[in-house]
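> Compute the structure for the input listed below.
(one chain, ligands or ions: 2)
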Amino acid sequence: MIVKSIELKNYRNYDSLLAEFAPGTNLIYGDNAQGKTNLLEAVFECATGSSHRGSRERELIRFDEEEAHIRLVLERGGVPSRIDLHLRKNKSRGVAIDGVPLQKISELLGRLNVIFFSPEDLRIIKNSPQERRRFLNIELCQLDALYTLRLVLYNKALEQRNALLKDPKDRKERAALLDVWDEKLSEYGEPILEDRAAFIRELGEIIRPIHRELTENKEDLALRYAPGADPGRMAEQLFLGRDQDIHFGSTSIGPHRDELEFYINGKDVKRFGSQGQQRTTALSLKLAEIELVKKKIHDTPVLLLDDVLSELDAGRQERLLAGLDKTQTLITCTGLDEFVSRSRGVDKKFRIVEGKIAEEKLYE
Ligand SMILES: Nc1ncnc2c1ncn2[C@@H]1O[C@H](COP(=O)(O)OP(=O)(O)OP(=O)(O)O)[C@@H](O)[C@H]1O
Ligand SMILES: [Mg+2]
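Ligands and ions are numbered 1, 2, ... in the order given. This next block holds a predicted model:
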């Protein structure tokens, strides 16, 4: 699939913008703080209904404005469709597809598949477990609407249970209420555990040969899922941990405590891996993600590379860009130097200056 165009009104530092992308490689360059990341963020919003930076609504709307609009036209299997997002400061956002409003943001998921890759993703191995769960959620939500629904319900139930744990109710009343929430948490939580386990298993099969190739056959990379609860026993575990949870005022069992671990030749990369190994592992993870999504959607996702090339050496840049022939890619960078030595062609080149975009000739 490809993004044909995107239009922004009062989004971040843009007052109004129209960009029409080529099906192949689109290079977007400009100095710092001109709006490159904001543009990719707007594309990501149309795919997931939320910001990759986890920003709140009012942060996305241009300073001193009340609302913002994003309009994105995509093409999938030759069929065009239009996604409209309407962001308002103090109201929930509106989403429409081809002019028809959606009841829930979650209905948007799966229409446009994107993979975002930023320097921050290269740090995923040493960042907090929350970042790795976020990685799992971003992908699984785009691939599976039911997963998204359960995740929303799970998070709501978790909030309720945690509030109850902190509430000094009498023992009997609290126990009865906790019974209800424990049941709900395991009802939504167990399928999440199972979906994540299956996803990590598949990703693990794909990542192995990729990482072998990247390390010239020196490293055997394995993924390991450490679930925050046992599927089939979650309600029981919640019950057993109840007194402790009341003591700490938070829930210790469930997928919100999941961890995704990486092992190179049997050793935990987070603990024992060098910085270079951690970055290469992160790159392998992205490459595997791209392959897995292709396999799942029987189509190519749109790849958003935000400033990531400058963080990779020439060999790794080549590896990332090889095999993306049929994948539409939006690449941002500050200078064009990164591209001079590269064999892969650029199809369109844009320059961004203070929230204004201009297409430039490819060869001068
Ligand atoms: N709601 C908003 N209204 C107006 N401007 C905003 C808003 N949110 C962010 N900005 C501004 O947008 C500018 C561009 O941000 P962006 O992250 O897109 O820059 P960039 O081109 O990616 O820069 P870098 O090369 O440093 O990554 C920033 O200076 C920021 O202050
Ligand atoms: Mg940026």
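> all strands of the stretch 51-200 of the chain, in order?
Per DSSP state E, counting those that start in this stretch, the stretch 51-200 of the chain carries strands over the ranges 67-76, 79-88, 94-97, 100-101, 114-117.
> Report pLDDT for the residue of the chain found nearest ligand 2.
Here the residue of the chain nearest ligand 2 is Thr37; by Cβ to the ion that distance is 3.1 Å. Where you see a C-beta, it was placed from the backbone N, CA and C, and this is true even at glycine. Looking at Thr37, its pLDDT is 96.
> Equivalent analysis for the one 4 residues further on, please.
According to the prediction, Glu41 has pLDDT 96.
> Hmm, Arg53 and it touching each other?
Yes - Glu41 sits in contact with Arg53 when judged by Cβ atoms under 8 Å, with a separation of 6.7 Å.
> So stretch 103-123, near ligand 2 or not?
No - applying Cβ under 5 Å from the ion, one finds stretch 103-123 separated from ligand 2 by no less than 7.9 Å.
> buried stuff in that stretch?
Using 16 or more other Cβ atoms under 10 Å as the test for burial, stretch 103-123 gives 105-106, 108-109, 111-118, 120-122.
> in a helix, that's where Asn217 is, yeah?
No - assigned with DSSP: H, G, I helix; E, B strand; the rest coil, Asn217 falls outside any helix and is coil.
> Okay, it and ligand 1: tell me how far apart.
36 Å (Cβ to the nearest ligand atom, to the nearest Å).
> Could you do Arg71 as well?
18 Å.
> Now the nearest residue to that residue once chain neighbours are set aside: phi and psi?
In this structure, Arg71 finds its nearest non-sequential neighbour in Glu7, 4.3 Å apart by Cβ to Cβ, 6 or more residues apart in numbering. Dihedral angles of Glu7 (phi, psi; degrees, to the nearest 10) stand at phi -130, psi 130.
> got it, and Asn10?
According to degrees, to the nearest 10, Asn10 has phi 50, psi 30.
> Looks like it contacts Arg58 (just checking).
No - taking contacts as Cβ under 8 Å, Asn10 lies outside contact range of Arg58: 12.0 Å.
> Who has more neighbours out of these two?
Asn10 (19 against 13; other Cβ atoms under 10 Å).
> just the residues of the protein that are near ligand 1, which are they?
Counting by Cβ under 6 Å from any ligand atom, the chain comes close to ligand 1 at 12-13, 30, 32-38, 59, 61-63, 307, 334.
> hmm, try it at 8 Å
Within the chain, the positions adjacent to ligand 1 are 11-13, 30-39, 41, 58-63, 65, 306-307, 332, 334, 352, 355 by Cβ under 8 Å from any ligand atom.
> For the protein, name the helix or strand with the lowest mean pLDDT.
Lowest on mean pLDDT, DSSP states H and E among the helices and strands of the chain sits helix 337-340, with a mean of 63.
> sorry, back to before: identify each buried residue in whichever strand or helix holds the residue of the chain closest to ligand 2, please.
Per DSSP states H and E, Thr37 falls inside helix 36-48. By neighbour count on 16+ other Cβ under 10 Å, the buried set for helix 36-48 is 36-48.
> Stretch 285-305 now?
By 16+ other Cβ under 10 Å, the buried positions in stretch 285-305 come out as 285-294, 296, 300-305.
> ditto for stretch 215-223
Result for stretch 215-223 [16+ other Cβ under 10 Å]: buried residues 215, 219, 221, 223.
> okay if I get the residues you listed as JSON lines plus distance to ligand 2?
Formatted as JSON lines, these follow (distance: Cβ to the ion, whole Å):
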{"residue": "Thr215", "distance to ligand 2": "29"}
{"residue": "Glu219", "distance to ligand 2": "31"}
{"residue": "Leu221", "distance to ligand 2": "29"}
{"residue": "Leu223", "distance to ligand 2": "29"}
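> I appreciate the help and will end here.
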